[in-house]
Each structure stands twice: as structure tokens, then as C-alpha cells.
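In: coords below, sequence missing:
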């Protein structure tokens, strides 16, 4: 985890806050903080691809991540793990949709 005081975190808070306010009229500090934190964390590829399958291979496919999150029919050992994986799926898709809109198909 990158601390809130890290210069990269502060840079993203400033840039996201300015863009959201000027371009789309959103001035929600919690939303800005969340997106800035997401961008900061995903600068580390290990964080971007932190969900692994049973063979310890990092997953980069949302469908495979969904299978990995299933606590009833899949390998997720608990509902806590399901929540963790599904939160990552949401963050992962938000990141890719924003950074690489052409990747959404």
C-alpha cells in the first residue's frame, strides 16, 4: 500500500480533482480520493494483477476473475475472498475503461 502522503498520491488527487471539477462538474472529495488512490495503487503492476488463480498465475481477464471469486462453485474459500476479488474486478474495469477506453468491448 502506498501511503496517502506519497507524492504520487498527492499528484493524482490534484489532477483528478481538477479534471473532475473543470470537465464534468464533480467536486466530491471521497470520489476524487478513491480514484486517485486507485491510480496510485495500480502504478504497481503487482497491484493491478494481484488476483491469482490456483496455479498462482496472475489473472488479467475479468471472466477468469469472476470464476475465481465464486465461493460456492469456484475456488474462493470464503465470502470475504469473494468481496475482495469482486472489488478488484470493479477497480480493474474502472481503471482500464478510463485509461484504455478502446479495451472495452
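Out: Noted; the coordinates are in hand. None of these values were measured; they are calculated from a predicted model.
In: hey, let's count contacts and neighbours off CA atoms from now on
Out: OK.
In: So what touches stretch 22-38?
Out: For stretch 22-38, the external contacting residues (CA atoms under 8 Å, 6 or more residues apart in numbering) are 9, 12-13, 16-17, 20-21, 91, 95.
In: hey, where'd the helices end up in the protein?
Out: 7-19, 29-41, 45-48, 62-69, 79-99 (DSSP state H).
In: among the ones you listed, which is nearest residue 54?
Out: helix 62-69 (8.6 Å; CA to CA).
In: which residues sit against the closest one?
Out: With contact meaning CA under 8 Å, 6+ apart, helix 62-69 is reached by 51, 53, 59, 74-76, 81-83, 85-86, 89, 93.
In: How far does that helix sit from its chain's centre?
Out: 14 Å (CA atoms, centre = their mean, to the nearest Å).
In: Direction-wise, compare that helix with helix 79-99 and give the angle.
Out: Computed by axes from the mean of the first three to the mean of the last three CA atoms, to 10 degrees, the angle separating helix 62-69 from helix 79-99 equals 170 degrees.
In: If we go by neighbour counts, what in helix 62-69 is buried?
Out: Neighbour counts using 16 or more other CA atoms under 10 Å place 65, 67-69 of helix 62-69 among the buried residues.
In: Kindly report the same for stretch 24-32.
Out: In stretch 24-32, counting by 16+ other CA under 10 Å, buried: residue 32.
In: First residue to last residue on that stretch, what's the distance there?
Out: 12 Å (CA to CA, to the nearest Å).
In: Pick the one among the buried residues of helix 62-69 closest to residue 104.
Out: Distances from residue 104 to the buried residues of helix 62-69, taken as CA to CA, are shortest for residue 65 (16.1 Å).
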